[in-house]
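Visitor: build me a model:
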Amino acid sequence: MHESLQPAIDGGALSRRRPRRRGDLSTMQLSAFLNLPSILLIIAVVGYPLLYAAWVSFHHVGIRELRTGQAAWAGLGNYAAALADPAFRSSFVHTVVFTAISVALEIGLGLGVALAMNMKGIWLARGTAVVMLVPWAIPPIVNGILWSFIFNSEYGYLNDILLRLHLTTSYVSFLTNSTLAFAVVIIAYVWRTTPFSALLFHASLQGIPHDLYEAADVDGASAVKRLFGITLPLLTPTFLAVLVLRTLFAFLVFDEILAITYGGPGNSTWTAAWYVYASAFFYLKFGLGSAAAYLLSVATGLVALLYIRLLSRRAEYA
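Guide: Model (predicted):
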């Protein structure tokens, strides 16, 4: 009895020896105080620009209005102008097509690389995990410049290889053809972002119990049956996570377009993010650009909500 009461007695004595003094901060107050610098920094760096962009989107803002600080009220005029602009609609279609193709390639290639890395019989599997980090570590704008050198029509490495192998008789103008330029941007983007998907899939593969594969081997299941009966079903949560993240990032693609095609030829590689950039900094229509940016944010948010709904349903059935 005496020993069981001793911790409570010691705890009570300790609390009596260290009473909370007047002016001491509670745990909640202390955490708020310690996080205050970060909160203020986020408000200054993120919050203010967002609010200012929202204000700009409801006004007619050009260079003169930026200098004077006085702008006429536009209401929803900028939003209506963006939605009525054929360039915005086509750029949004390009964004959807780019996202669908790039995400499908990222998931397919990422899964294939992850499966190869997970095979113990392949001696390059361990080294591949290190090499895969190189494209992911390259800044997007640098990645775009590298691929622009490869596909350049005058001094590109790819054209030189094609000529040396006698696969073509003249240099191919990859970046002046609408379809080829769009494909080049997708290739450059997928090359940089596939390692992210591959590493996520590889990490998930490590968590699958090996006993399941041993039991499948005992039952005589082939490699294909093990893939579709064990591996892919257990990777479903990772599939959804990769789908959500890569779709949201693909909607905002910008750097590769800036470095490789600069939106050309014509507006064939214009995406919604590029339309925002061009409206604000090419045509100096800051109100239109801000409105387009918020429309893009709404579209991205709706996609995120759709994916969250899919994830919640998966959690309910799990």
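Visitor: can you get me a residue count around the closest residue to Gly264 other than its chain neighbours?
Guide: Residue nearest to Gly264 in three dimensions, not counting chain neighbours: Ala181, with 7.0 Å by C-beta to C-beta, 6 or more residues apart in numbering. Every residue, glycine included, has its C-beta placed from N, CA and C. Using other C-beta atoms under 10 Å, Ala181 has 23 neighbouring residues.
Visitor: Ala181 and Asn267 touch, don't they?
Guide: No - Ala181 lies out of contact with Asn267 (C-beta atoms under 8 Å); the separation is 11.1 Å.
Visitor: ok, Ile63 to Val56 distance?
Guide: Distance, Ile63 to Val56, by C-beta to C-beta, to the nearest Å: 13 Å.
Visitor: my bad, Ser153
Guide: According to C-beta to C-beta, Ser153 and Val56 sit 39 Å apart.
Visitor: looking at those two, which is more packed in?
Guide: Neighbours were counted for Ser153 and for Val56 using other C-beta under 10 Å; Val56 has more, 24 against 15.
Visitor: that one against Lys285, yeah?
Guide: No - the criterion here is C-beta under 8 Å, and Val56 misses it with Lys285 at 10.2 Å.
Visitor: state the distance from the nearest residue to Pro140 once chain neighbours are set aside to Gly47.
Guide: Distances taken as C-beta to C-beta, 6+ apart put Asp255 closest to Pro140, at 3.4 Å, once the chain neighbours are dropped. The spacing between Asp255 and Gly47, counted by C-beta to C-beta, is 24 Å.
Visitor: ditto for Thr271
Guide: 26 Å.
Visitor: which of these two has more neighbours?
Guide: Using other C-beta under 10 Å as the criterion, Thr271 and Gly47 rank with Thr271 on top: 30 against 13.
Visitor: number of residues surrounding the nearest residue to the more buried one once chain neighbours are set aside?
Guide: Spatial nearest neighbour of Thr271, excluding adjacent residues (C-beta to C-beta, 6+ apart): Thr95 at 4.5 Å. For Thr95, the neighbour count with other C-beta under 10 Å is 23.
Visitor: does Thr95 really touch Thr269, like I thought?
Guide: No - applying C-beta under 8 Å as the test, Thr95 and Thr269 come out as separate, 10.7 Å apart.
Visitor: joint contacts of those two?
Guide: Residues touching both Thr95 and Thr269 by C-beta atoms under 8 Å, 6 or more residues apart in numbering: none at all.
Visitor: tell me what the helix or strand encompassing Thr238 is packed against?
Guide: Per DSSP states H and E, Thr238 falls inside helix 236-251. The helices and strands touching helix 236-251, judged by 3 or more C-beta pairs under 8 Å, 6 or more residues apart in numbering; DSSP states H and E, are helix 86-118, helix 178-206, helix 286-317.
Visitor: pick the most deeply packed of these.
Guide: Ranked by mean neighbour count under mean count of other C-beta atoms under 10 Å, those are led by helix 178-206, which reaches a mean of 20.
Visitor: pLDDT on that one, on average?
Guide: Per-residue pLDDT over helix 178-206 has a mean of 93.
Visitor: off-centre distance for that helix?
Guide: 11 Å (C-alpha atoms, centre = their mean, to the nearest Å).
Visitor: list the buried residues of the helix or strand just after that helix.
Guide: Once the chain leaves helix 178-206, the next helix or strand it forms, by DSSP H and E, is helix 210-218. By 16 or more other C-beta atoms under 10 Å, the buried positions in helix 210-218 come out as Ala216.
Visitor: ok, and what's touching helix 210-218?
Guide: Residues from elsewhere that reach helix 210-218 (C-beta under 8 Å, 6+ apart): Lys225, Arg226, Gly229, Ile230.
Visitor: same deal with stretch 255-270?
Guide: Stretch 255-270 has contacts (C-beta under 8 Å, 6+ apart) with 87, 90-91, 94, 139-141, 143-145, 147-148, 151, 175-179, 181-182, 184-185, 188-189, 192, 271, 274, 277-278.
Visitor: just the CA trace of it, in PDB.
Guide: These are the backbone C-alpha positions of stretch 255-270, laid out as PDB (Å, rounded to 0.1, in the frame of the first residue of the first chain):
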ATOM      1  CA  ASP A 255       9.600  25.900 -65.600                       C
ATOM      2  CA  GLU A 256      10.100  23.400 -68.400                       C
ATOM      3  CA  ILE A 257       7.800  25.500 -70.700                       C
ATOM      4  CA  LEU A 258       9.800  28.700 -69.900                       C
ATOM      5  CA  ALA A 259      13.200  27.000 -70.600                       C
ATOM      6  CA  ILE A 260      12.300  24.900 -73.600                       C
ATOM      7  CA  THR A 261       9.500  26.400 -75.700                       C
ATOM      8  CA  TYR A 262       8.600  29.700 -74.100                       C
ATOM      9  CA  GLY A 263       5.000  28.900 -74.900                       C
ATOM     10  CA  GLY A 264       5.600  28.300 -78.600                       C
ATOM     11  CA  PRO A 265       5.300  27.600 -81.300                       C
ATOM     12  CA  GLY A 266       2.300  29.900 -81.300                       C
ATOM     13  CA  ASN A 267       0.400  29.000 -78.100                       C
ATOM     14  CA  SER A 268       0.600  25.300 -78.600                       C
ATOM     15  CA  THR A 269       2.500  24.700 -75.300                       C
ATOM     16  CA  TRP A 270       0.500  27.300 -73.300                       C
END
